[in-house]
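> sequence and predicted structure below; questions after.
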Amino acid sequence: MQNFRRFTALLILAVFLLGTPSTFAQKAKPAVPYFGNVEGVTAKQLKDYLTFIASDELEGRDTPSRGLDIAAMFIAQHLSSWGIKPAGDNGSFFQKVPLRRLRIAPEKTRLEISGQPYLYGKDFLASMVNGEITNSPMVFAGNGWVVKSKNVNPYEGIDVKDKVVVIVNGLPKGVTNADLQGPDGGSYSSPNYYAQVNGAKGVIVIATFTLLANMEANRWNAVEKGIVQYGKPATTAIAIPTLSVTPRIASALFQGEKTSGSAIFTKNYTGEAMESFDLNANKRVNASVTTKTENIFTQNVVGILEGSDPILKNEYVAIGAHYDHVGMNPFAPGPDKIWNGADDDGSGTVSVLSIAEAFAKGKERPKRSILFIWHAGEEKGLWGSEYFTNNPTVPITSVITELNIDMIGRYQNPGDENHPQNKRLPKPHEIFTIGSKMMSSELGEISDSVNKAFLNLNFNQEYDGPTHPGSVLLPLRSF
Ligand SMILES: [Zn+2]
């Protein structure tokens, strides 16, 4: 967070909600600017809230995580103390969003080669697929890729059926990602795909340097953190297990063969051609990979400030932000393991909170009701907003607009216009407005006129379209 001047931008939202509520239903007309409750939003208040939301103690607010749950509690407690009505599940501020967590069960994931057991996490890792390999012989297939355009096929003269295919990780010499166009199994086949469709029992991959260097982090990701999924269970294209093994296992695999494990490891780096061959038929693999799936939850936080008009209060203006970020990684290099997400989207989170406070404590109450919503899982793929859209806690057609605030904590400093990462930041007194003109005939006009009468920021509509690669309009499409 560089400073708080950008927060002035959010005030526009508060202004037009209060100042011109009737214009939603009528043709826009020139109105005398009236800024009422906006005085209730201050830089100090925003800073106080953000100091908590972006603190190390919340560990980067990953979805799901303890830090995110604490952030949700923090928001809910404030809403409650200001008299905002809960609008989540069962009279609470929380709308539960169901998720699944897949993890490897290390105690039930084992590998044995010719009777020698190896240890998961130390000697090998496994893909997140349940599978069993029983007494299978092995065949070595170099890098294992078939690439028709390059005439690469390591399987000529060998049969992988009922065997485990042993490969070294990486593309064959002369093949690049550009050669792999279209679906797997078309003009090319990945080693796992080829193995599966040709009846192999599994794949053993000799680990690369990168995998070996990150062995502990990969183990932690598979066993502790796991893969978290939202929505329908993803279908796994590759249903046979893949085991990534250390040089210790590679050495044992090629003991007494025509090529040693270390020679294969070296050839893979030098790009030397590798001959495919059946390993000694006495060598057998027994393995099992076991995953476990838990049903878990995260939550959106939802509250309502009831409108003052007996009829219009049945309509809602939603004001929202995602309150999650990307968490932490105990294996990240350097001393800082936490992505605090002060800008993305701590800034939006505390803006919505401050707007809620200003409305709740202010003298003026808008005619329509305001639905305040903090979404979870945005960084993972818009989970929270999609869930609310499909399972709204108020009739979805009564939500006349949603104003979403994301990343209003930063703008360009001198020199940033040439900086590769910062050149796309807004300039001072500039804000990206997205969707207001594309999705409504009135919203753009209203926000423009209120802006001109009040802060007069520069509205940049570069992202205002569903086809722009930076578009954030996806969660709104279902409206
Ligand atoms: Zn964001």
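Cool, the structure landed.

> when you work out contacts or count neighbours from here on, use the C-alpha atoms and nothing else.
OK.

> surely residue 288 is within a strand?
Yes - assessed by DSSP: H, G, I helix; E, B strand; the rest coil, residue 288 belongs to a strand.

> tell me how many other residues crowd it.
When neighbours are defined as other CA atoms under 10 Å, residue 288 has 18 of them.

> now it: closest residue in space that isn't a chain neighbour?
Computed as CA to CA, 6 or more residues apart in numbering, the closest residue to residue 288 that is not its neighbour in sequence is residue 132, at 4.4 Å.

> where exactly do the strands run in the stretch 151-300 of the chain?
If you assign secondary structure with DSSP state E, counting those that start in this stretch, the strands in the stretch 151-300 of the chain sit at 164-168, 188-189, 202-206, 227-230, 242-245, 277-278, 285-289, 291-305.

> helix or strand: which one has residue 400?
Assessed by DSSP states H and E, residue 400 sits inside strand 399-404.

> next structured bit after that strand?
Strand 399-404 is succeeded, C-terminally, by strand 430-432 (DSSP H and E).

> against which helices or strands is that following strand packed?
Using 3 or more CA pairs under 8 Å, 6 or more residues apart in numbering; DSSP states H and E as the contact criterion, the secondary-structure elements in contact with strand 430-432 are strand 458-460.

> contacts for the strand holding residue 400 next, please.
The set of residues that contact strand 399-404 without belonging to it, under CA atoms under 8 Å, 6 or more residues apart in numbering, is 13, 315, 316, 317, 318, 319, 320, 321.

> just checking: what are the partner strands of that strand?
In the sheet containing strand 399-404, the strands it pairs with under DSSP bridges are strand 316-322 (parallel).

> determine the longest helix present in this protein.
Of all the elements of type helix in the chain, the one with the most residues (DSSP state H) is helix 66-81.

> how about the residues of the stretch 201-350 of the chain near the ion?
344, 345 (CA under 5 Å from the ion).

> low-confidence bits of the stretch 201-350 of the chain, can you list those?
Within the stretch 201-350 of the chain, no range satisfies pLDDT under 70.

> can you give me the helices in it?
209-213, 215-220, 247-253, 261-270, 348-361 (DSSP state H, counting those that start in this stretch).

> which of these sits most buried?
Neighbour counts averaged per stretch over the helices of the stretch 201-350 of the chain are highest for helix 348-361, at a mean of 25; criterion: mean count of other CA atoms under 10 Å.

> of the contacts of strand 399-404, closest to the ion?
Sorting the contacts of strand 399-404 by distance to the ion puts residue 321 at the head of the list, at 8.0 Å, by CA to the ion.

> what lies in contact with the longest helix of the chain?
With CA under 8 Å, 6+ apart as the contact definition, helix 66-81 has outside contacts at 53, 57-62, 85-86, 93-94, 298-301, 303, 323-324, 353, 356-357.

> name the helix or strand for the residue nearest to residue 288, please.
Taking DSSP H and E as the definition, one finds residue 132 inside strand 131-136.

> mind listing the strands the next helix or strand after that strand pairs with, and their directions?
Reading on from strand 131-136 to the C-terminus, the next helix or strand found by DSSP H and E is strand 138-140. Based on DSSP bridges, the strands next to strand 138-140 in the sheet, each with its direction, are strand 164-168 (parallel), strand 277-278 (antiparallel).

> re the thing from before, what subset of the contacts of strand 399-404 is buried?
Restricting the contacts of strand 399-404 to buried positions leaves 13, 315, 316, 317, 318, 319, 320, 321, with burial counted as 16 or more other CA atoms under 10 Å.

> which one among these gets closest to residue 289?
Closest approach to residue 289 among these (CA to CA): residue 321, at 39.9 Å.

> now do the contacts for the closest residue to the ion within the stretch 101-250 of the chain.
Scanning the stretch 101-250 of the chain for proximity to the ion using CA to the ion identifies residue 230 as nearest, at 18.3 Å. With contacts defined as CA under 8 Å, 6+ apart, residue 230 is in contact with 98, 99, 100, 383.

> so the first one touches residue 300, yeah?
This means residue 98. No - taking contact to mean CA atoms under 8 Å, the distance of 10.8 Å between residue 98 and residue 300 leaves them out of contact.

> looking at the two, which one has more neighbours?
Higher neighbour count among residue 98 and residue 300: residue 300, with 26 against 16, using other CA under 10 Å.

> is it true that that one touches residue 95?
Yes - in this structure, residue 300 sits in contact with residue 95. The criterion is CA under 8 Å, and the distance is 5.0 Å.

> overlap of the contact sets of the two?
Contact criterion CA under 8 Å, 6+ apart; residues shared by residue 300 and residue 95: residue 88.

> next up, the contacts around the closest residue to residue 158 other than its chain neighbours.
Closest residue to residue 158 apart from its sequence neighbours, by CA to CA, 6+ apart: residue 277 at 6.9 Å. In this structure, residue 277 makes contact with 139, 140, 141, 158, judged by CA under 8 Å, 6+ apart.

> any idea how far residue 91 is from residue 97?
Between residue 97 and residue 91 the distance is 16 Å, computed by CA to CA, to the nearest Å.

> more neighbours, those two?
The residue with more neighbours, out of residue 97 and residue 91 and counting by other CA under 10 Å, is residue 97; that gives 21 against 10.

> assumed that one was part of a strand.
Yes - counting by three-state DSSP, one finds residue 97 located in a strand.

> that one: what's it in contact with?
Under the criterion of CA under 8 Å, 6+ apart, the neighbours of residue 97 are 297, 298, 299, 300, 384, 387.

> dump the residue contacts of the third one.
Residue 299 makes contact with 69, 72, 94, 95, 96, 97, 375, 376, 384, according to CA under 8 Å, 6+ apart.

> same check, this time on the fifth one
Applying CA under 8 Å, 6+ apart to residue 384 gives the contacts 97, 299, 300, 375, 376, 377, 378.

> how about it, secondary structure?
Taken by three-state DSSP, the conformation at residue 384 corresponds to helix.

> now for the closest residue to residue 274 other than its chain neighbours, how many residues are close by?
Here the nearest residue to residue 274 in space, its sequence neighbours aside, is residue 142; by CA to CA, 6+ apart that works out to 5.4 Å. Using other CA under 10 Å as the criterion, residue 142 is surrounded by 26 other residues.

> then residue 418?
For residue 418, which is what you asked about, the neighbour count (other CA under 10 Å) is 10.

> for residue 103, same thing?
With neighbours defined by other CA under 10 Å, the count for residue 103 comes to 22.

> could you find the closest non-adjacent residue to it?
Across the structure, with CA to CA, 6+ apart as the measure, the residue nearest residue 103 apart from its sequence neighbours is residue 226 (4.6 Å).

> again with residue 154
What sits nearest to residue 154 in space, not counting adjacent residues and going by CA to CA, 6+ apart, is residue 141, at 5.7 Å.
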